[in-house]
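K.L.:
one predicted model, sequence on top.
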Amino acid sequence: MPLFLDDEQTMLRDTARDYLADRAPVAHLRALRDGDDPVGFSRDLWRQFAEMGFTGILIPEAQGGLGLGHVEAGVVLEQIGRNLSPSPFLTTAVGAVAALSGTAQAERWFPGILAGETVAALAIDEGPKHRDTIGLTAERAGNGFRLSGTKRFVAHGHVADLLIVAARTAGNPADRDGVTLFALPRDSAGLAVRAERLADSSFAAHCTFDGVTVDGDAVVGEVDGGRVALDRLLRAGRAGASAELLGVGGGAMDMTLGYLRERQQFGVAIGSFQALQHRAAHLYAEMEVARAAVLKAQQLLDTGSEAADEAVSVAKAMAAMAATLAVNESVQMHGGIGMTDDYDIGFFMKRARSLAELWGDASYHADRLAVAAGY
C-alpha cells in the first residue's frame, strides 16, 4: 500500500488546510486563552465543522456520515494540529464515533455529532499517566448499574454532552476482562466535574462518580466485554493524536524554516549557517519517518488488519518523539524570542507536550511494543 495520499485525500487536505488557516489559526487559540474562555473551543466553529462534513468522516453513509476512514480523519487532524485549532474533533468525531460504531448507542448519539451539536469526552484514565488499569466500579443496581470512582484528564469533560466511561464490572483493576463501556449524559445525577486548564490552554476535567445510576441501555457493546470497544476507541484515538502531532511538529518546523530565511545576522540569513542547516535537515528526516509510520497505522486500521494495534503504538511513539524534537529545535533556533509569549512558537511546544501524553507517551508505547515482542 503506497505511503502517500490519493487525489481525493489530497483535495480534503487542501480544503481543511485553507479552512482552518482562515477560521481557526493560532490567533484564535490565543484569543480564547486571553479572553479566559470557560469552554476552551468555539461551539460555532464546531457547528461549522459539521457543515464542512468533517464530523461525519468516520460515520457510515447509512447513518448519514461520509463513510470514510482513519486516513481521512488524520488528514483533518494534521491540519488541526498545524493551526493549533481548538476543537473536540479528536474526542468526538474520532474517539467516540469509533467506540459507538456498530452499537445500539450509535442511533442515539450520531445525529448530534453529525450536526455539530454534540460534544463527547472520553473518561478512561484514572491517574496522572495513561495506564491499562480500570478501577472505577460499576455495580448492578436494579435494571442498570451504579458507577463509583474517579477519572482524570478527561478532555472537554466539563462541557461535553456525552461521556464515554470505562468501568469495571468484574475482576481486578489490572485485568483485561471485566471492563464495560458506558455512554451517559454529563448531567447525570451524582457526577461531579472539575475543569482544569492545561499547559496548552485547553481544558481537561477531573470527574467524580458518586453512585451515578445508569440504565442498561447505557452499556456500549456487552457487559464485561467492553475491551473490544475500548480497544477500538484507543486505536482510533492514538492514531488521531499521532496525526495531530504531525501537524503540530510540521507547523513548528515550517514556522522555523521561515524564520531561518528571514532572520539575519552578520548581514546574512541565519539559514545559511551550516550548523543550523544540519539541524533543520535532521528534523525534516525525523518528521518524514514519523509521517510514514502514522499513515501506515491509519491504512491498517482502515483495512481491519490484525497488525494495526502494534502499528498504532509505533505511530504514537514516533510522532510524539518527532513533534517533541520539532518544537524543541524550533524554540532553540528562534533564540530568545522563542521563549516569549508574544511569539507563537511556544504554543506549539505546549500543545505537543499535551498530545504526547494523551493515551500513552512514547515510553508507554515503546514498552507496549517490547512486551508484545516477548521482552
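P.N.:
Great, that's in hand.

K.L.:
wait, a strand at T103?
P.N.:
No - in this structure, T103 is coil, not part of a strand, as judged by DSSP: H, G, I helix; E, B strand; the rest coil.

K.L.:
run through the residues that contact it.
P.N.:
V220, G221, A229 (CB atoms under 8 Å, 6 or more residues apart in numbering). Placement of C-beta: from N, CA and C, glycine included.

K.L.:
dump those residues into TSV; add neighbour count, secondary structure and distance to G249 as well.
P.N.:
Formatted as TSV, these follow (neighbours: other CB atoms under 10 Å; DSSP: H, G, I helix; E, B strand; the rest coil; distance: CB to CB, whole Å):
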residue	neighbour count	secondary structure	distance to G249
V220	25	strand	33
G221	20	coil	35
A229	26	helix	30
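
K.L.:
name the helix or strand for the closest residue to V154 other than its chain neighbours, please.
P.N.:
Distance criterion CB to CB, 6 or more residues apart in numbering; nearest residue to V154, sequence neighbours excluded, is A205 at 4.5 Å. Assigned by DSSP states H and E, A205 belongs to strand 203-215.

K.L.:
export that strand to PDB, keeping only CA atoms.
P.N.:
Taking Å, rounded to 0.1, in the frame of the first residue of the first chain, the C-alpha atoms of strand 203-215 are listed here in PDB:
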ATOM      1  CA  PHE A 203      -9.300  22.100  29.400                       C
ATOM      2  CA  ALA A 204      -9.400  18.700  30.900                       C
ATOM      3  CA  ALA A 205     -11.700  17.600  33.700                       C
ATOM      4  CA  HIS A 206     -11.500  15.500  36.900                       C
ATOM      5  CA  CYS A 207     -14.700  13.500  37.100                       C
ATOM      6  CA  THR A 208     -16.000  12.000  40.300                       C
ATOM      7  CA  PHE A 209     -18.700   9.400  40.100                       C
ATOM      8  CA  ASP A 210     -20.600   9.200  43.400                       C
ATOM      9  CA  GLY A 211     -23.100   6.400  42.800                       C
ATOM     10  CA  VAL A 212     -24.100   7.600  39.300                       C
ATOM     11  CA  THR A 213     -27.000   5.400  38.300                       C
ATOM     12  CA  VAL A 214     -27.500   4.400  34.600                       C
ATOM     13  CA  ASP A 215     -29.900   2.000  33.000                       C
END
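
K.L.:
direction included, what does it pair against?
P.N.:
strand 144-155 (antiparallel), strand 191-197 (antiparallel) (DSSP bridges).

K.L.:
among those strands, show me which one is buried the most.
P.N.:
Most buried of these by mean neighbour count (mean count of other CB atoms under 10 Å) is strand 144-155; its value is a mean of 21.
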